[in-house]
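[1] Okay, here's the prediction I keep looking at, along with the sequence it came from:
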Amino acid sequence: MLTLICGYLGLGAITSLSMYFIYYEPKSQFSSAIDEVLNGKKSWHYKLRESLVIPGTILLITVVWPLALWMVIKDRLDKKKRKPKKSPEELFAVKTNFLIEKLSIGQVEAREIYLDPLHATPQIPFGYLNSSWEKFKLTITDEDELWSFLVPKGEPVGEYEMPSDFEMAGYALVRDCRILGEFVCEGSGAY
Amino acid sequence: MTAQVTETLIYKEQKLSMCDEPLALWMSKNREKCNFGMMSTACWRGYFGTWKIIDDHLYLIELSARGEDGKNISLDDLFPEQDKVFAHWFSGEVRCPEGKLLDYVHMGFASTYERDIFLTFKKGVLVSERIQINGKGEANSPEGYGVGAFTIFPLNGEK
């Protein structure tokens, strides 16, 4: 019986220490500073309780390790169920209903040269965004179409489909009616 | 999130506090040039920019940031040999609050002031402006945009 208990606790200790090394992330200087701003200076008993959290958790997992393992496995399975991996196409802000006009590369480049009263902006397509445009252009093949687009404010964008807080415009790369790339050149926020 | 310091906008010879970040889109396309170290919780974006409207065009005329290595970064580091950068990528509205503080919110640019000047740009060109009156501040309310409290972070290598 004693051997069984020792074996069980031994496996528990291995599980809890493995979990500690896999999941524990020490608090960065940055998050400590944020914590102090939000919650102020900590009292000694708060610090004492905080310092007991990790050893207490290790001890608890050592005792109930099958439950802890089951929770980790369940969490991973749930995450997989909840978040079916999105295709790159779904991650683009532009959807086919936001496409406006089909244009050639030459037409796009001609309309994206900007008038600058101080004559400082490079007179090349997309001005200060030219290097990004050139990179985007490399992905365009002969079979592709270029379409201008306008994504209205409030449309869900990105992996988490958060509503965009600004309108954005640019050019989309379309092949066989599917959007394969987007170049946002106009907006009021980061994208 | 702490209240954020604003960008500065010079318009009609007046210095305004601008609660928007017109450089954001350019930065998102040039991340390799923008390794800014965060200096303070009041400036998550990591830089301070000064903007000016010249002939109805929005220009970035000054920039101050510090790299993660502690080195000062200026406009010339991001846009070599340019002293005025036309923000042709910027389309949208900027808000410039003015007057006395009505309601302080310690988050982002959420505080409200007596007046808001809204300027709308299309591809960096000013297309409209409007003023919104939000109310009348109390006599002892602070005048002009301000941030209540923030933490300053040491950069790598700094003690």
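    Perfect, thanks for sending it.
[2] what sits against the residue in chain B positioned nearest to chain A?
    Going by Cβ to the nearest Cβ, chain A is nearest to B:G92 of chain B, at 2.7 Å. In this view, the C-beta of every residue, glycine as well, is placed from N, C-alpha and C. Neighbour list for B:G92: A:166-167, A:187-189, B:20, B:120-121 [criterion: Cβ atoms under 8 Å, 6 or more residues apart in numbering or on different chains].
[3] try 6 Å this time
    A:166, A:188 (Cβ atoms under 6 Å, 6 or more residues apart in numbering or on different chains).
[4] same deal with B:A65?
    By Cβ under 6 Å, 6+ apart, the residues touching B:A65 are B:36, B:46-47, B:73.
[5] Ok, A:E186 next?
    Neighbouring residues of A:E186 by Cβ under 6 Å, 6+ apart: A:169, B:89, B:91.
[6] In space, what's closest to the last one - neighbours in sequence excluded?
    Sequence neighbours aside, A:E186 is the residue nearest to B:S91 in space, at 4.6 Å (criterion: Cβ to Cβ, 6 or more residues apart in numbering or on different chains).
[7] Could you pull out the buried residues of the helix or strand that that neighbour is a member of?
    According to DSSP states H and E, A:E186 maps onto strand A:178-186. By neighbour count on 16 or more other Cβ atoms under 10 Å in any protein chain shown, the buried set for strand A:178-186 is A:179-186.
[8] next one: stretch B:129-139
    In stretch B:129-139, counting by 16+ other Cβ under 10 Å, buried: B:G137.
[9] what's next to it, contact-wise?
    Contacts of stretch B:129-139 (Cβ under 6 Å, 6+ apart): B:100, B:102, B:112, B:114-119.
[10] how's chain A carved up into domains?
    In terms of domains, chain A is parsed into A:2-82, A:88-186 (source: automatic domain parsing).
[11] Number of residues surrounding B:K84?
    18 (other Cβ atoms under 10 Å in any protein chain shown).
[12] and the residue nearest to it when sequence neighbours are not counted, what does it touch?
    The spatially closest residue to B:K84, leaving aside those adjacent along the chain, is B:Y59, at 4.4 Å (Cβ to Cβ, 6+ apart). B:Y59 is in contact with B:52, B:84, B:86, counting by Cβ under 6 Å, 6+ apart.
[13] Kindly report the same for B:S91.
    By Cβ under 6 Å, 6+ apart, the contact list for B:S91 reads A:186, B:122-123.
[14] Same list, those residues, but as TSV with distance to A:E112 please.
    Converted to TSV, the contacts of B:S91 look like this (distance: Cβ to Cβ, whole Å):
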residue	distance to A:E112
A:E186	9
B:K122	14
B:K123	9
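[15] From those, pick the one nearest A:L129.
    Taking Cβ to Cβ as the measure, A:L129 lies nearest A:E186 of the contacts of B:S91, at 9.5 Å.
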